[in-house]
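> build me a model:
(one chain, ligands or ions: 1)
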Amino acid sequence: MKNYYKVYNEHLFGNKLPDIPVVVVPFSEVDEMEEASGYDLEKFDLYAITFAEHEDEGNKVHGILMNDELPNQEETLLHEMIHVWQIINRRDRGHGKEFKKCIKFLRDVFPEWEETLV
Ligand SMILES: [Zn+2]
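The predicted structure is shown next:
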């Protein structure tokens, strides 16, 4: 996944995203992930999460954590990379208008992901 991160960063994000770890853990370790992250992961998209400082502490991103049973690893990684972009640029972090614009752009680049990239 780290390689995908590098390639996507270079080709889609102009290498503007920070060099952060992308960690994939077995689904069975999701509970530990949750504990380690301090977040309620069930609220997040399919147990993938982007670690960042809290809103008021700046725009540093620590890494991306995913579980190995995600059906669409590459798409999920890109989804999380959009969140990284949002954070370092201090944009709205949610899945709002701007996020949807990014997804639309990515669907044009990867038309085969039309159904799965959300
Ligand atoms: Zn998301």
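> who's V61 bridged to?
Per DSSP bridges, the residues bridged to V61 are A52.
> how many residues are close by it?
If you count neighbours by other CB atoms under 10 Å, V61 ends up with 20. From N, CA and C alone the C-beta is placed, and that goes for glycine too.
> need the nearest residue in space to Y5, chain neighbours excluded.
V22 (4.9 Å; CB to CB, 6 or more residues apart in numbering).
> can you check F110 too?
Nearest in space to F110, with sequence neighbours left out and distances taken as CB to CB, 6+ apart, is L117 at 6.8 Å.
> so how far is I82 from E98?
In this structure, E98 and I82 are separated by 9 Å, where distance is defined by CB to CB, to the nearest Å.
> same check on K16?
Counting by CB to CB - K16 and I82 are separated by 12 Å.
> more neighbours: these two, which one.
Neighbours per residue (other CB under 10 Å) separate K16 from I82, with I82 holding more: 24 against 12.
> got the contact list for that one?
With contact set as CB atoms under 8 Å, 6 or more residues apart in numbering, I82 has these partners: 99, 102-103, 106.
> using PDB, list the CA coordinates for the top helix by length along the chain.
When the chain is scanned for its longest helix (criterion: DSSP state H), the result is helix 73-88. Below are the C-alpha coordinates for helix 73-88, written out as PDB (Å, rounded to 0.1, in the frame of the first residue of the first chain):
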ATOM      1  CA  GLN A  73      -7.800  -1.400  -0.900                       C
ATOM      2  CA  GLU A  74      -6.600   1.000  -3.600                       C
ATOM      3  CA  GLU A  75      -9.800   2.900  -3.700                       C
ATOM      4  CA  THR A  76     -10.000   3.100   0.000                       C
ATOM      5  CA  LEU A  77      -6.400   4.400   0.100                       C
ATOM      6  CA  LEU A  78      -7.300   7.100  -2.400                       C
ATOM      7  CA  HIS A  79     -10.300   8.000  -0.300                       C
ATOM      8  CA  GLU A  80      -8.100   8.400   2.700                       C
ATOM      9  CA  MET A  81      -5.500  10.400   0.700                       C
ATOM     10  CA  ILE A  82      -8.100  12.900  -0.100                       C
ATOM     11  CA  HIS A  83      -8.600  13.300   3.700                       C
ATOM     12  CA  VAL A  84      -4.800  13.800   4.000                       C
ATOM     13  CA  TRP A  85      -5.000  16.500   1.400                       C
ATOM     14  CA  GLN A  86      -7.900  18.100   3.200                       C
ATOM     15  CA  ILE A  87      -6.000  18.100   6.500                       C
ATOM     16  CA  ILE A  88      -2.700  19.600   5.300                       C
END
